[in-house]
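Engineer: prediction below, plus the sequence it came from.
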Amino acid sequence: MTGAAAGLVDRVRGVQLSGLATVAMLVVAVAVNSALQPNFWDSYALTSNFATFVPLVAIAVGQTIVVLSGGLDLSLGAQVTLASVVAVQVVDGSLDRFPLAVAAALGVGLACGALNGLVVALLRLQPIVATFATSFVFSGLALVVLPTPGGSVPFEITTAYRDSVLGVPVALLLIVALALVWLVLRRHRVLRHVYAVGGDADAAYASLVPVARTRVWAYVLGGLFAALSALAILANTGSGDPFVGNELTLASVAAVVIGGTALAGGRGGAGGSVLGAIVLALVTNIIFFADVPTDYRQLVNGAVIILALALAGIPALQKRRPSA
Amino acid sequence: MAGSVALLLAACSSDDGDGGDGGSGDQPYTIGLSNGFVGSEWRTQMVDGLEEAFAEYEAEGVVDELVVESADTDVNGQIQQIRNLINRGVDAIIVNPNSETALDAVFREATGQGIEVFAIDQAVTSEDVTNVVIDQAEWARISADWLAGQVGQGGNVVVVNGIAGHPANEMRWGAAEQVFTDAGVNVLTVADGNWDQATGQQVMTNLLATYPDVDGVWTQDGMAEGVFRAVDAAGRLDRITISGEARVGFMRLWNDARATGFQSIGVVNPPGGAVSALHMAVNVLDGREFASGTIDGNTVHVPIPYTVDETTFDQYWGEAGSESDAYSLDGSLTRDEAADFFE
């Protein structure tokens, strides 16, 4: 394992110091978790862990894009909820209708993202306040679509989600796929514009970057990743729940920060957020297997996340020092 | 049907190869508890009661470890709780589920690892799980019967329910409505109080203003206290009969109002269901099968422990009066009573 870690370290040396801090945290989290949990590398434990990670990883990628554009989306969790209840109502237990449900979820993500984008970019409301407000619209709509928990996802989907292909958990493949989608987007003009607008909107405007349109795009992409997160949640739970995604919002912001993306915008990337999301989920595991009494878990969890956020911020501090 | 479920359960426990140090009749057992809501005294009583009963088994060497996963969380969090318990290698999981359907897939993971799963308080749809719950319909029928007797044929009642569409609410109201129909009691209206005391009080205040000729109110759980306060504030306690609850807060109001002739009823909804489930779990892990007739599909109904009414009030108030207002009167199966559910 140390060899693999060293290889990883070599590969990221050229990238960013903040990325290094994230990888170091992941290595520590995996080491501690596997020391505390004897069956950590067993196939069931691996599969179930990755199955837990996917929804947070997907929403963290979406949040990264919004943050890179200089915004913040506090409605992403509510979008996950709304997309998941719409999809579960559409699929209604039938495998034939699953593609339709995927399309419906993506449609919801697209519409929610477009609404946020318009409110932020055209009405020029503060992203935090605007998306906080739209989050109530989305979670309210979710309650209208599915007033009480229910609905069912086809058995084939929930089973495949927990399966593995040639020993590799399907959920891990999904995480790799999400990272690949990010890498493809990263090369696209829209993402280059997102970086430019988030870094310095005025300079971007002067360079003929369509600032408002780029901001709308960032929220739309955020919504699409929220929809993917919703589909992962459905595959994980096998059923709909009108409150299911709301707690993911703040976790997605934490994952972005642990991943080394600057909340000011313009710097960072979703690769770090993917690792950040995994670190966050592993922390919950570690606290359980360390036998922290149940009353203290939230406290310890919060303290560890603060520590991780601080560690993720150190490289940025060092970068700032020479210029100060 | 009952037999096949029992066989299924037995099969699950007998091929228990990787479920930690357990197996059919292979003591000591490790037990996990998953609880996804900690915001009420009821849940605290549930966890404390289970820990007490567990300590007795532990002293006898029947069980060795109780892994408690108890935190305010959503369905995702509870799935992770249950996965942690599976990875911990427990032999049985007792779960108070946050959803009746959304945990089905993770329950399948647990039984796939040879773990017995018991749902308490809220029954779940998964056939992999044994529900150990009180019969909500029976629970509702007892207080509805009493109220119907008080207001008599042709009496007018209003209803303050929990949340429309919630499974427990539907089961309870379905049974109570039948009682009122059979007894010739008029149900003037049905309103929702969200199982919240303050909301219940607000709803009842509105109902009192709308319906001047109310003889009785049928309500559920903590809303009884809110309904009582609303009726009291309107000065109509002497004319309106209220179905109450077996919690100290309501019983304190009840006790104070008895001097003026106020009567009520409190049917116990016991946090001790977790203890009953623990006894069942030990029996199942010992390889015993449910006797036919004790299990309906995958649901075992444990009897409602007792009811507080005018004749028993002094006894139960004497026992519980010193507890905090949030304390629920409790009860659970004894080991011998639990053993009677098995062959």
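Structural biologist: Here it is on my side, so go on. All values reported here derive from a predicted model rather than from experimental measurement. Numbers count the residues shown, from 1 in each chain, chains lettered A, B, ... in the order given.

Engineer: would you mind splitting chain B into its domains for me?
Structural biologist: The record's domain split for chain B, according to automatic domain parsing, is B:2-128+B:271-303+B:332-339, B:136-267.

Engineer: can you lay out these as TSV showing mean pLDDT and mean neighbour count?
Structural biologist: C-betas here are computed from N, CA, C, even on glycine. Rendered in TSV, the data for the domains of chain B read as follows (pLDDT from 0 to 100; neighbours: other C-beta atoms under 10 Å in any protein chain shown):
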stretch	mean pLDDT	mean neighbour count
domain B:2-128+B:271-303+B:332-339	84	20
domain B:136-267	93	19
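
Engineer: those: which one's closest to residue A:53?
Structural biologist: Among the domains of chain B, domain B:2-128+B:271-303+B:332-339 comes nearest to residue A:53, with 10.2 Å by C-beta to C-beta.

Engineer: what does chain A put close to chain B?
Structural biologist: A:37, A:39-40, A:44-45, A:48-49, A:52, A:55, A:147-152, A:158, A:162, A:233, A:236-241, A:243-244, A:246-248, A:281, A:284-285, A:288-289, A:294, A:297-298 (C-beta under 8 Å from any C-beta of the partner chain).

Engineer: buried among these? Need that as a selection in PyMOL.
Structural biologist: This is how PyMOL selects the buried members of these, with burial counted by 16 or more other C-beta atoms under 10 Å in any protein chain shown:
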select buried, chain A and resi 37+39+40+44+45+48+49+52+55+148+149+150+151+152+158+162+233+236+237+238+239+240+241+243+244+246+247+248+281+284+285+288+289+294+297
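
Engineer: now, the residues of chain A next to chain B that are in helices?
Structural biologist: For the residues of chain A next to chain B, the ones inside helices are A:44-45, A:48-49, A:52, A:55, A:158, A:233, A:236-237, A:248, A:281, A:284-285, A:288-289, A:297-298, with DSSP state H as the criterion.

Engineer: quick one: contacts of the longest helix anywhere in chain B?
Structural biologist: Taking DSSP H as the criterion, chain B has its longest helix at helix B:41-59. Residues lying outside helix B:41-59 but in contact with it, judged by C-beta atoms under 8 Å, 6 or more residues apart in numbering or on different chains, are B:28, B:31, B:33, B:35, B:37-38, B:63-64, B:66, B:68, B:70, B:94, B:96, B:120-121, B:271-275, B:278-279, B:282, B:324, B:326-328, B:330, B:332.

Engineer: off-centre distance for that helix?
Structural biologist: Taking C-alpha atoms, centre = their mean, to the nearest Å, one finds the center of helix B:41-59 at 16 Å from the center of the full chain.

Engineer: show me what the first helix or strand past that helix going along the chain is packed against.
Structural biologist: Tracing the chain C-terminally past helix B:41-59 and defining elements by DSSP states H and E, one meets strand B:63-70 next. Applying 3 or more C-beta pairs under 8 Å, 6 or more residues apart in numbering or on different chains; DSSP states H and E, one finds that strand B:63-70 makes contact with strand B:29-35, helix B:41-59, helix B:75-87.

Engineer: tell me the mean pLDDT over stretch A:89-104?
Structural biologist: Here stretch A:89-104 scores 95 as its mean pLDDT.

Engineer: which other residues reach it?
Structural biologist: A:83, A:86-88, A:145-146, A:151-154, A:156-157, A:231, A:234, A:240.

Engineer: and the closest residue in space to residue A:51 that isn't next to it in sequence, what element?
Structural biologist: If you skip the residues right next to it in sequence, residue A:51 has residue A:171 as its closest partner in space, 4.4 Å away by C-beta to C-beta, 6 or more residues apart in numbering or on different chains. Assigned by DSSP H and E, residue A:171 belongs to helix A:170-187.

Engineer: that helix: how far from the chain's middle?
Structural biologist: 12 Å.

Engineer: now that helix: buried residues?
Structural biologist: Within helix A:170-187, the residues scored as buried using 16+ other C-beta under 10 Å are A:170-172, A:174-175, A:178-179, A:181-182, A:185.

Engineer: packing partners for the helix or strand following that helix?
Structural biologist: Taking DSSP H and E as the definition, the helix or strand that follows helix A:170-187 towards the C-terminus is helix A:189-199. Judged by 3+ C-beta pairs under 8 Å, 6+ apart, the packing partners of helix A:189-199 are helix A:43-68, helix A:201-206, helix A:211-237.

Engineer: need the contact list for residue 305.
Structural biologist: Just so you know, I chose chain A. By C-beta under 8 Å, 6+ apart, the residues touching residue A:305 are A:254, A:258, A:280, A:283.

Engineer: my question was about chain B
Structural biologist: Remark: with contacts taken as C-beta under 8 Å, 6+ apart, residue B:305 is in contact with B:268, B:270, B:272, B:330-332.
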